[in-house]
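Novice: Sharing a model that was predicted from the sequence below.
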Amino acid sequence: MPKTRMTFVLPGVCLFLAVVGGATRVRAQNAKNPFAGNAEAIVTGKATFEAVCAGYCHSTETSNRPGQCPSLFDCEWKNGSNDGEVFHTLMEGVPKTQMIGFKGRLPDDMLWKIIAYLRSASKCQAGKPATAPAH
């Protein structure tokens, strides 16, 4: 039974998230994303990213404004290079930064869908150069 219900209202879409108590958390930092390449999951991940992450700190993939926090669409990821490491960062947060952990705030599946979206929208894909870190 859900402990918490959070509702995010997006243009034309209501997204209901339920956090299930006692769920087994994936902790392996080399875990594979179960939603990688899943088009439906990517759409959900994008909507969630824009509502939760871009609403406060990170910029969107098409935004011209700099976010308060690093871009997640370039090749300069400081807190994880594979999906398992990024999942761990989303769960636990980054100490001494604004990045909170979402463990217990969003379901694991939702975090994996956000990662699937970030990977699908990344400018750091085969044949594309990495961007220089911002100073």
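Specialist: Great, that's in hand.
Novice: list the helices and strands the longest helix seen in the chain packs on?
Specialist: In terms of residue count, the longest helix belonging to the chain (DSSP state H) is helix 108-121. The criterion is 3 or more Cβ pairs under 8 Å, 6 or more residues apart in numbering; DSSP states H and E, and the helices and strands that helix 108-121 contacts are helix 39-48, helix 83-92. No exception for glycine: its C-beta is placed from N, CA and C like everyone else's.
Novice: Need those in TSV (columns: mean neighbour count and distance to S59).
Specialist: Compiled in TSV, the helices and strands packed on helix 108-121 are given as follows (neighbours: other Cβ atoms under 10 Å; distance: least, Cβ to Cβ, whole Å):
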stretch	mean neighbour count	distance to S59
helix 39-48	18	14
helix 83-92	20	17
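Novice: Could you export those as JSON lines, including distance to T60 and mean pLDDT?
Specialist: Shown next, in JSON lines, are the helices and strands packed on helix 108-121 (distance: least, Cβ to Cβ, whole Å; pLDDT from 0 to 100):
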{"stretch": "helix 39-48", "distance to T60": "9", "mean pLDDT": "96"}
{"stretch": "helix 83-92", "distance to T60": "17", "mean pLDDT": "94"}
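Novice: residue ranges of the strands in the protein, please?
Specialist: Along the chain, counting by DSSP state E, strands occupy 2-10, 13-20.
Novice: ok, back up a step: between the helices and strands packed on helix 108-121, which one is closest to I115.
Specialist: Across the helices and strands packed on helix 108-121, I115 has its closest neighbour in helix 83-92 (5.4 Å, Cβ to Cβ).
Novice: on that earlier part again, weakest of the strands of the chain by average pLDDT?
Specialist: Among those, strand 13-20 carries the lowest mean pLDDT, at a mean of 30.
Novice: where does this protein dip in pLDDT?
Specialist: 1-28, 64-67, 125-135 (pLDDT under 70).
Novice: so what's the nearest residue to V94 once chain neighbours are set aside up against?
Specialist: In this structure, V94 finds its nearest non-sequential neighbour in N79, 5.5 Å apart by Cβ to Cβ, 6 or more residues apart in numbering. Contacts for N79 (Cβ atoms under 8 Å, 6 or more residues apart in numbering) come out as 85-86, 89, 94, 99.
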